[in-house]
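**Q** Return atomic coordinates for the entry below.
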Amino acid sequence: MNHKTIHSLTPQNGNTMEHKAKSIRPFIGAKNFETSRNFYRDLGFEEVVLGPDMSLFKTEGIGFYLQDAYVQDWIDNTMIFLEVDDADRYWNGLLALNLTRKYEGVKLTPIRKYDWGKECFLHDPSGILWHFGEFFK
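**A** Residues are numbered from 1 along each chain as shown. The predicted model follows:
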């Protein structure tokens with residue numbers, strides 16, 4: 001996979017969109033909301049309860065919304081990439097949590113190396129695929 005920088009293209013009308021973004025927070029679902037809440041707390045995210053069916057999980061100024069909603073096609077096709085500073089340390093931390101024993105359906109895939117960097121993979125209890133990756137400098 002090649003990562004290329006895409007420069008903004010000027011639309012035909014000459015206007016461009018200027019971003020002053022502060023964060024991006026995807027919405028993900030949960031097959032069992034309470035199980036997923038526990039899972040993400042175990043994974044080290046801080047939970048902010050927003051209501052009976054939604055929480056914000058955050059770390060280091062980034063986050064995502066977990067919803068008490070499950071649509072299998074949506075969940076089965078959801079992937080999230082989290083850039084980490086050290087994929088090897090992160091992998092060892094994942095192993096130490098024993099998530100595959102504690103949560104049904106959780107799967108870990110060891111680190112794979114690519115020309116751009118390396119990453120390991122984690123399926124959450126609902127089936128969402130997380131990529132934890134480190135880019136080579």
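**Q** How about the contacts made by the spatially most central residue of the chain?
**A** Nearest to the geometric centre of the chain sits I80, at 3.6 Å (Cα atoms, centre = their mean). Residues in contact with I80 (Cβ atoms under 8 Å, 6 or more residues apart in numbering) are 26, 28, 64, 128-131. (C-beta placed from N, C-alpha, C; glycine too.)
**Q** element containing it, please.
**A** strand 79-83 (DSSP states H and E).
**Q** Pairing partners for that strand, with directions?
**A** Here strand 79-83 has these sheet partners by DSSP bridges: strand 129-135 (parallel).
**Q** which residues touch the strand it pairs with?
**A** Applying Cβ under 8 Å, 6+ apart, the set of residues contacting strand 129-135 from outside is 78-87, 90-91, 94, 116-124.
**Q** again, 10 Å this time
**A** 3, 28, 43, 75-91, 93-94, 107, 109, 111-114, 116-124 (Cβ atoms under 10 Å, 6 or more residues apart in numbering).
**Q** Output it as PDB, restricted to C-alpha atoms.
**A** Extracted C-alpha coordinates of strand 129-135, given in PDB (Å, rounded to 0.1, in the frame of the first residue of the first chain):
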ATOM      1  CA  LEU A 129     -11.500  -4.400  13.300                       C
ATOM      2  CA  TRP A 130      -8.900  -2.100  14.800                       C
ATOM      3  CA  HIS A 131      -5.500  -1.500  13.200                       C
ATOM      4  CA  PHE A 132      -2.800  -0.200  15.600                       C
ATOM      5  CA  GLY A 133       0.000   1.000  13.400                       C
ATOM      6  CA  GLU A 134       3.300   2.800  13.500                       C
ATOM      7  CA  PHE A 135       4.600   4.600  10.400                       C
END
